[in-house]
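1. next one to model:
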Amino acid sequence: MRKTAAFPFLALLLVSTAQASGEFYCCQDSASGRRVCGDTLPEQCRGRAYRVLDSGGNVVKDVGPPLTPEQKAEQILENKRRKQQEDAGREQRRRDQALLDTYSTPEDIDLAQKKAEADVNLTIQATNERIATAQKKRKKLADEAEFYKKKTMPPELDKDLRAVEHELRLQQELVELKKKEFDTIKSKYDADRKRYFELARRPPAAPSGSAATPLR
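-> Numbers count the residues shown, from 1 in each chain. This next block holds a predicted model:
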């Protein structure tokens, strides 16, 4: 059976009840202005702030009044912002650890950058060789096409010319794309280098030696 009381009149009754239940609830009754308590939450306390007390009368928890719709919406946004910050913090710690696991010294960053740039240079070199081969093939086909300037060009020759022109465009676009990778590589390793020094608490230094020379 639920018991409610107004302090100090039924304090002894509440203590005996609290000893059985372990805790009781108190709030200020707005109608009477008196403090109302019970071993379960009194009706007068519903929808308002109240306190949870232990059997010794010590405050265990303060429970605030219900939030307004605006406060609930703000709380949802705040919880979302906090979660995003926590997620971002975890991701940054993961990246920092991966950075330290990848590079033992600043020189390792320099070597990794040189290798990445060298790989791009090799791709550009190989692509330029394919372009040179395609250009020779195009010249040969163009010379054949000269013979048909005033005649109908054979379909096979026309098809070959179109194919080699398409191949040249693709390879030239690839070269331009690869050249842009040098800026991406530089930005990446500059950021790695900066963060590495921040984590190692060492002053930044210029990369040792020059990076691979980009083929332009």
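
2. which residue ranges form the strands in this structure?
-> Taking DSSP state E to define them, one finds strands in the chain at 4-6, 23-28, 35-38, 50-54, 59-63.

3. residue 55 touches residue 22, doesn't it?
-> Yes - if you go by Cβ atoms under 8 Å, residue 55 and residue 22 touch, sitting 6.2 Å apart. Backbone N, C-alpha and C define where each C-beta goes, glycine included.

4. which one's more surrounded, the two?
-> For residue 55 versus residue 22, the count of surrounding residues by other Cβ atoms under 10 Å is larger for residue 55: 16 against 10.

5. and the spatially most central residue of the chain, how far is that from residue 117?
-> Closest to where the C-alpha atoms of the chain average out (Cα atoms, centre = their mean) is residue 88, at 5.7 Å. Using Cβ to Cβ, to the nearest Å, one obtains 31 Å as the distance from residue 88 to residue 117.

6. ok, residue 48 next?
-> Distance, residue 48 to residue 117, by Cβ to Cβ: 68 Å.

7. who has more neighbours, those two?
-> Shown here are residue 48 and residue 117; by other Cβ under 10 Å, residue 117 has more neighbours (20 against 14).

8. picking up where we left off before, ranking the strands of the chain by burial, who's on top?
-> Of all the strands of the chain, strand 35-38 has the most neighbours on average by mean count of other Cβ atoms under 10 Å, namely a mean of 22.

9. direction included, what does it pair up with?
-> strand 4-6 (antiparallel), strand 23-28 (antiparallel) (DSSP bridges).
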